[in-house]
Structures are given as structure tokens and as C-alpha cells.
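> Turn this into a model:
(3 chains)
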Amino acid sequence: MIKAEGLTKTIGHKQILRGIDLHIPEGRFVTVFGPNGAGKSTLLKTLALISKPTSGNILINGLDIRKNADVIRQQIGVISHQTFLYDNLTARENLSFYGQMYRVPQLKDRIFDVLSEVGLEISLNEPVRTFSRGMQQRLAIARAILHDPALLFLDEPYTGLDPHAIQILNSVLRRLNLDRRTVFLITHNFEEGFEMSDRVLFVVKGRIVYDGQKQELKKDELRNLYLRKVEGAA
Amino acid sequence: MNTLNGIRAIIWKDLASEFRTKELLSSMLIFAVLTIIVFVFAFDPTKDIVRQVFPGMVWVCFLFAGILGLNRSFVSEKTNDCITGLILCPVDRSVIYFGKMTANLIYISIVEIVTLPLFAVLFNYRIPLKAVLPLVLVIFLGSLGFIAVGTFLSALSANARSSEILLPVILFPIMVPVILGAVQASAAVLAMAPAAEWISWIKILAAFDAIFLAIPLVLFEYILEV
Amino acid sequence: MKYDYETPRKWKYHNILAWTAFLTVSAALYLIFMWVPNEKIQGPVSKIIYFHVSSAWLAFFAFFVVMVCSIAYLKTKDLKWDIISHVSAEVGVLFTTIVLVTGPIWGRASWNAWWTWDHRLTTTLILWFIYVAYLMIRSAFNEEEKKARFSAIFGIIGFIDVPIVWMSIRWWRTIHPNIVSSGGFAMDPSMVQTLLASLAAFTVLYFYLLEKGIFVQRIRSQVELLKQRITEENS
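I've put the predicted structure just below:
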């Protein structure tokens, strides 16, 4: 699904990614941990085609990102701590805008489906600025899965979420993973992050310092292992 | 077809969002009318000289009001990081540019449609009926060039710390040909001068428009890069 | 801790370039002030033309370099191109300023008016504004990468704009002719030779200033890098 080779990213004088090789097969749930400024977000942005790598290759679904950007973007959904939503538009209008950009077929039905999945169907015609933070985050989840992406990227999605929204996010992620969608999650939250993942990565100083399957790990060891790896790499 | 759909969706999104609050349009309109009033105070409307500077005043008013709209155009996309949402969309980067550009062109056109008659009334300036069609063409070409390069540079300056100061300073030198062409052509058209006198200006305006509509096809993706 | 930077060294041909610049500029000055006769009607003030025209050439060339290096930067994302465009733009603005100062002095003496909206002078004025805008874009961004990218984009469209500005201003002036005409004057062969010599001297001077400026910028970015390193190590 995702295949990255020798990925580097330099911004100005700063080398953010220093050679990342990564292969994520279809339907996997990968969770990435790492200290602040380690390059996790940059890695996500590069894989999600928000920013371009300085060198290295990325293949998504076997397609080179340099040649087939628009085809690949159709397959990608992103949830970050920012919502990407227009405050003055209603929930329906926001989704309808993004739906048109992604050319979602049967858009009206689809909008209703995703809104009921995140429990916002009654707020369909309310402008987003009247929403609570949690509701906006749920709508952002609906926006990200509207075009049924094969690949979902999440950048610190748990920050600022209320328990209800966390529950909804987790059930959406579980459902997507059952549908063999690939999920790439960045988080500081060991609890939530470990629970659903089947593979764990640690990124420190622009490199992958640990890459392990979930079966090999125990939940309570994760934190210690993380601290050891981060210190070892520093 | 997909390209056109994307452009239409962005225009629709911008207009729907704007017409809900009318924040931008109302301030552009009020500012334009205030500019007229300033001109009335500055140049006595009963004097003959007004006939000569009329086209210049009209364009100064359009440009100042237009800058207000351009300043907001991409800065507004920073709320909730909507610009990243746009970058993620599976469309060519130029679709984003042309969508935003057309929305801006619609705003400035609304301002022009409202203020031009007001100008004529308040300065007691009779616009000859035969001049209306060429005048509309000149205003369209002038506004198109202004908005084409303005939208591009507004996307550039939106990333800066103080974008609303930066935009006018970098925009006006680049659009000198538009200012010259639009003012000169409007003056010639309003004076009912023979077509030969303004047709060259139309050509310069059209050339400028074509060049600055083509540049974003190549360079706009570099502005959106992160 | 290993440091992966090296202190920038002077370019190995720096001294040769410096001496060439010194000698050609001295030779040009000799030709201008000692050798070439004054233009018959204008007298000594006609000597300004050698500085005026050469500065204009240098500025234009500098802005051309800005565009070329801007394209190179966007293609490669290598900051060395950004440094060259930056320094070249600064040199260009400096010499455009010289054109704008010497123009009116010459104009005052020969046409009895400080400023005429002659199309060459007016285009130069707009050129000055365009590249001051370029420098303002540079100071409006903190991050090295944004500064480089956005100024490169502007460096390209600024240069594309120049011919259109030129055309429109020339057309504007043909409709509203100047009261004072700025027509050229008859140049005799010795004047042409002196002008060519000063053009050559200014070109060498440009490369000298460019090289010097690049060196200063490289030291500056090294200092930035060291500062970053220190804060990283302290944190």
C-alpha cells in the first residue's frame, strides 16, 4: 500500500527526515510514536502528499507520487487536530463542498451516512461555528472518510477530544480497519494508540528507531521501551 | 470536466461563506463609497477638471476596494487550516487558484457595478451611451488582470507575518501596466475617442491578463508547497 | 559531538577577481575623467552618462541573474541559489538607485528639469519598486525555506513583468509626449569606447560585489546554524 524508500526532507537548513524506509501493506494499522520535533508530522505530510520529499521515492498503491498525485489523493483521507472546516458553512455544506472536490457519487446519501456514523445527523444544517469543539472534530472525521479513502492518516487526533468523540473516532477506525483500510496514526497517547494498532513505529530525529509488530509487545512494556529507544537515539 | 467542477465547487464555497456574513463585501462597498466621498471633497465636483481625472478616480477606488478583498482571500483559508484541506483535494493545483480568482473577480465586479453609477451621479458625470459597451470591456479586462495577479500574490503574502501590509507593496509595482492601461483606455473610451486610440491599451491589458493567468499554471503549486 | 559544518572560505579566485575589478574600474575612471573629451553642448556633466548607463546595465543584468537563480532554486531547492538571487537583487537595487539619482542630475543639466516621465526613467523607477518589493518579501518571512521559496516565485514574475511595464509606459509616453525631449546626443568614437570600457568595468564590479555578498551571506547562515546547534545542545 505505502512503500517509501530513502525518504528525506530538508526544510531550509534543517534536515527533518533523514532516510526513512517504510513498507506498510494494505489493511494495516500502524501507530507512530516519537518526541516533539522528531519529524512524525513531516513524515505524515509527505506520505499524504501535503508536502514533497526532498529525495527518495514514495509509491502508494504502486503509483509514484510524482506522477499520479491526483489519483493518489483520491485515496487519501487526513484527520489532524485542525478540522479543515469552514466556520460559516453548515455541516452539510462543508461535506458537500469536499464531496464535490472528491467527486463522491450519490453525494447526498453519502453525506447522511457519514454524518450518522459520527452522530451529527441532527445538526446537518447548523453552521460549523455554532458547534462545540468535540462536534467539530466529529465532523472533521466525517469529512476525512467522506470519499471512502483506502488510506487514512491521523495526526494527533486525540488532542482536545472529549470521551464521546474519542469513542466515535475509535469505532470509525475499527470499522475502517475491518474494511481493510490502511491507517497511519501519530499520537502521544499510548493507551489509545496501542489498543487498535497491529504495528508500532518510533520515530526519533528523522529516523525510524523501532519497528515492531503488536504481538511482540506487551502494553505495559511499551512506555519503557519507548523511553529506552528515544534516549538511545539521542 | 473535473477541473471545471472543482473550480465551481470552490467558487460556490467562497460565495456561500461570504453571503452568509457579508463581512467582506459590505466592507469593500462601504470603503469604495467612502473613497468617492474623499474624492468629492478633494476635487470640487463642479469644476471642469473633474472630467479629466474621472477615470483615474474610478480606478483608484476599484483598486483600493479590491485590495481589501484580496487581503482576506487566502488569509481566511488559514482558519482551521482549511488551506491544507484544499491541498489534499485530488485536483490540479491551478484549480484552487482559478476557483479563488473567480470568486475574487465576482466580489470586485459587484463593487464596480454598485460604485460606477454612484460615481457618475455624485460627480454629475454623463457616461455616453455608446461608450458603455467598450467601457465594460475595459473594466472587465482591467479587473481581470488586477485580480489575476492579485490572487496569486495574495496566496503568497498570506503566509507572511503581516500579510495585509505586504500585499499592496508587492502587488502595485507588478500591476503598473494594468493601472496605466485601464485608466488610459477608460479615459479614451469615455471621451468618445476613435477606437484606434484605445485598442492598443486593450491589447496590452489582454496580453497582461493572458500572461498572469498562465503563470499560476506553472508557479502556483510552489506557493502551496509546505 | 561531531560538527558537520565548515567555516566558509573565500573563493579561490577571490583575489584575482578583486584585482581585476580594481584595475578595470580604475582604467574606466581614467578614461572617463582624463581621456575622453566632454560632449560639446553639455560640457562636463555629460560624463554622468558613463555611470548612468553602466549602472542601468548592471542593474538589469543583476535582475536577470535573480530570475535565473530563482528558477534554479525552485527546481533544486538548494539554498545556494537563493543566496545568489538575494545578493544579486541587493546589488541590483543599489545600482537602480544610482540610475535614479544620476538620471535627474543629468536631466537637470541638460533639459533643465529634474525629473521627466520619460519611458526609460519611469520603467527604472518601477523596476526599483519591484525589486524593493522582492527584498520586502524576504524580510517578511522568518523561516529560511519560505523566504527562499516565495522570493524566488516573485523574482520570476517580477522579471517577466518588466517588458510589459516597458511596453505600457512607452505607449503611454507616445500619447503624452514630453515637453522636454530626452533624445540621445551624438556620440563620437572616443565616447563610445569609454562607454564600452565602463560597461566592462561595471560588469566586473558586479561579479566582485556578488562574490563578496555571497561570502557574507554564507557566514551569516553559518552563524544561524551554530546558534541553532547551541540551543539544541542546551535543551
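
> mind checking how far stretch A:83-98 is from the chain centre?
Its chain's C-alpha centre and that of stretch A:83-98 lie 19 Å apart, by C-alpha atoms, centre = their mean, to the nearest Å.

> excluding its backbone neighbours, what's nearest the residue in chain B that chain A sits nearest to?
Chain B approaches chain A most closely through B:Gly85 (3.1 Å), counting by C-beta to the nearest C-beta. Every C-beta, even on glycine, is put in place using the N, C-alpha and C of the backbone. Nearest residue to B:Gly85, sequence neighbours excluded (C-beta to C-beta, 6 or more residues apart in numbering or on different chains): A:Phe84, at 3.1 Å.

> Please report how far the one you found lies from B:Thr151.
21 Å (C-beta to C-beta, to the nearest Å).

> cool, and A:Pro157?
33 Å.

> before we move on, what about C:Lys212?
39 Å.

> before we move on, what about B:Leu116?
Distance from B:Leu116 to B:Thr151, by C-beta to C-beta: 22 Å.

> ditto for B:Lys130
If you go by C-beta to C-beta, the gap between B:Lys130 and B:Thr151 works out to 33 Å.

> which one's the longest helix in chain C?
helix C:189-234 (DSSP state H).

> Near chain C, which residues of chain B are found?
Residues of chain B lying near chain C by C-beta under 8 Å from any C-beta of the partner chain: B:149, B:152-153, B:156-157, B:159-162, B:166, B:169-170, B:172-174, B:176-177, B:180-181, B:184, B:197, B:200-201, B:204, B:207-208, B:211-212, B:215, B:219, B:222-223, B:225.

> Quick one: neighbours of C:Phe61, just the number.
Close neighbours of C:Phe61, defined as other C-beta atoms under 10 Å in any protein chain shown, add up to 19.

> right, and B:Gly6 touches B:Arg93 too?
No. Here B:Gly6 does not reach B:Arg93: they are 10.7 Å apart, not a contact under C-beta atoms under 8 Å.

> quick one, what contacts A:Gln136?
A:Thr83, A:Leu85, A:Val128 (C-beta atoms under 8 Å, 6 or more residues apart in numbering or on different chains).

> typed the wrong thing, it's A:Asp162
A:Arg133, A:Gly134.

> on that earlier part again, so for C:Lys212 and B:Thr151, which sits in the more crowded spot?
B:Thr151 (26 against 18).

> where's the more buried one relative to C:Lys146, distance?
19 Å.

> Over to B:Phe152?
From B:Phe152 to C:Lys146 the distance is 16 Å (C-beta to C-beta).

> Give the residue from those two that has the larger number of neighbours.
Using other C-beta under 10 Å as the criterion, B:Phe152 and C:Lys146 rank with B:Phe152 on top: 27 against 20.

> Does chain C have contacts with the lowest-mean-pLDDT helix or strand in chain A?
Across the helices and strands of chain A, the lowest-confidence element by mean pLDDT, DSSP states H and E is helix A:219-233, at a mean of 78. No. Shown here: helix A:219-233 not in contact with chain C (C-beta under 8 Å from any C-beta), separated by at least 14.3 Å.

> gap between that helix and the chain center?
The answer for helix A:219-233 is 23 Å, by C-alpha atoms, centre = their mean.

> Tell me which residues of it come out buried.
For helix A:219-233, the neighbour count (16 or more other C-beta atoms under 10 Å in any protein chain shown) marks A:Leu222, A:Leu225, A:Tyr226, A:Lys229, A:Val230, A:Ala233 as buried.

> so who does residue 119 touch?
Just going to use chain A. A:Arg138, A:Ile168.

> wrong one, chain B
Contacts of B:Phe119 (C-beta under 8 Å, 6+ apart): B:Ile36, B:Phe54, B:Met57, B:Val58, B:Cys61, B:Tyr125.
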